[in-house]
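[1] sequence? don't have it. structure:
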């Protein structure tokens, strides 16, 4: 049985913290690129977004929807990772206490 301070100093705990930071940073960067890329596109290339792709629809509409859907996908990736990997590793660490 480990003491809490021993667990906090263990390689397993530190590795788990690194994994969580890595996935969080990667997904956050993806989200920022997605959102700010769209905003920059709106600000800098309005004619591109105004390109008609149907009778009344412009390219900006499906791209805006894609931004929302992809942000949901990024959230789902984090939740899936948390439920399959992170939670099981946290449980293993808690069991060592």
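    Received, thanks. Just so it is clear, the model here is predicted, and its values are computed rather than measured.
[2] Need the three-state assignment for the most centrally placed residue in the chain.
    The centre of the chain sits closest to residue 27, judged by C-alpha atoms, centre = their mean, with a distance of 3.0 Å. Secondary structure state of residue 27, per DSSP: H, G, I helix; E, B strand; the rest coil, is helix.
[3] That one contacts residue 77, doesn't it?
    Yes: between residue 27 and residue 77 there is a contact under C-beta atoms under 8 Å: 6.6 Å. No exception for glycine: its C-beta is placed from N, CA and C like everyone else's.
[4] Check the gap between residue 54 and residue 60 for me.
    Distance, residue 54 to residue 60, by C-beta to C-beta, to the nearest Å: 12 Å.
[5] more neighbours, those two?
    residue 60 (17 against 9; other C-beta atoms under 10 Å).
[6] Give me the pLDDT value at the more buried one.
    pLDDT for residue 60: 95.
[7] ok, it touching residue 45?
    No: using C-beta under 8 Å, residue 60 makes no contact with residue 45, being 10.0 Å away.
[8] Spatially nearest residue to residue 96, not counting backbone neighbours?
    Spatial nearest neighbour of residue 96, chain neighbours left out: residue 2 (5.0 Å); criterion: C-beta to C-beta, 6 or more residues apart in numbering.
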